[in-house]
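Trainee: Kindly return the folded structure for what I paste below:
(3 chains)
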Amino acid sequence: MPELPEVETIKNELSPWIVGQSFTQAALLDKEILRQCSVEEFQHLVGQRIETLGRRGKYLLFHLSSNQSLIMHFGMTGTLLLNPKRIAHYARAVFHLSNGSQLVFNDQRRLGAIWLLENATLVTHKLGPEPLSQNFTPPVLAGLLRKHRIPVKAALLDQNLIAGIGNMYADEALFAARIHPLKKTHTLSTPEIQTLFYAIRDVLQSAIDSKGATVDTYIRPQGQLGTAQFNFKVAHRYAKPCPACGTTIQRILVRGRGTHFCPHCQSLNLSTLPKLI
DNA sequence: CTTGGGACCTGGCTGC
DNA sequence: TGCAGCCAGGTCCCAA
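Mentor: Okay, the predicted model is just below:
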């Protein structure tokens, strides 16, 4: 499930190979993945050069020579492969570049999407701040959270509050901050929000350093796996012991999403402030 | 307006 | 062994 660290890894590992190249062919194998753009308009891609590759939240942004942007969202199972040995049967789009390389957008569950637009902000304008950017600060996070009265887990998953965090890293950040996923945002103390801020940053940056987490279908553009999942403390560790205290990790549903946490380390009790090392 | 719940998608797993 | 039904979580949509 490509979240911020996975999309950042795709961007970083693809850039050296494709920036500066032009599209020579764009084959749409499944037209349902195209958004706000017709199949005919999509062919405007051919001939355009990739000026830069960027990322906003979980979106991968190709900035093109004609000021258009090719935008990809990977949904649950999307991958973007460079020169795969064969085309998977769930390939949704195949791109050919001027240096002879081939880019294949795969997506088993078809929750991913592709846009070709004059203005990328049509897609990204509602997104909250980038959690790794300089303008994301503890006071900014406090302002965002205190405007709402929702479970903090739901807030972390809301892309319009903070961009890029998905289910895995929300659970990891809340564990790192020792905050119960159901705790309501407006009840978080200033120290708790500050701890959560650094937890979010640390969890995301560590995952980028590990080239993302391969827990389901995510693989890197040249086929290697990510290793961030080996550092998970609670995510995907249902019924296993908490690495901090040994208590059995629980799984609950928050807003319909499976949520892993340690009931001892992440208490809902107001008197239990996070313990810092 | 906010919040919460369901729908969509598909392959893999569970249980009868 | 076969197969219906459930589950995963990305976003969007709708109801209270």
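Trainee: what comes up buried for the longest helix anywhere in chain A?
Mentor: Looking across chain A with DSSP state H, the single longest helix is helix A:190-209. By neighbour count with 16 or more other Cβ atoms under 10 Å, helix A:190-209 contains the buried residues A:192-197, A:199-200, A:203-204, A:207-208. (Glycine included, C-beta is placed from N, CA and C.)
Trainee: Next, find the distance separating residue A:69 from residue A:53.
Mentor: Distance, residue A:69 to residue A:53, using Cβ to Cβ, to the nearest Å: 11 Å.
Trainee: who's more crowded, those two?
Mentor: Per other Cβ atoms under 10 Å, whichever of residue A:69 and residue A:53 has more neighbours is residue A:69, with 22 against 19.
Trainee: beta partners for the more buried one?
Mentor: Taking DSSP bridges as the rule, residue A:69 bridges to residue A:63, residue A:117.
Trainee: residue contacts, it?
Mentor: By Cβ atoms under 8 Å, 6 or more residues apart in numbering, the contact set of residue A:69 is A:61-63, A:115-120.
Trainee: which neighbours do residue A:69 and residue A:53 share?
Mentor: Shared contacts of residue A:69 and residue A:53 (Cβ under 8 Å, 6+ apart): A:61-63.
Trainee: Reformat those residues as TSV; add pLDDT and distance to DNA strand C.
Mentor: Formatted as TSV, those follow (pLDDT from 0 to 100; distance: Cβ to the nearest atom of the strand, whole Å):
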residue	pLDDT	distance to DNA strand C
A:61	94	14
A:62	96	18
A:63	95	20
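Trainee: Compare those residues and tell me which is most surrounded.
Mentor: Going by other Cβ under 10 Å, residue A:62 tops the shared contacts of residue A:69 and residue A:53 with 26 neighbours.
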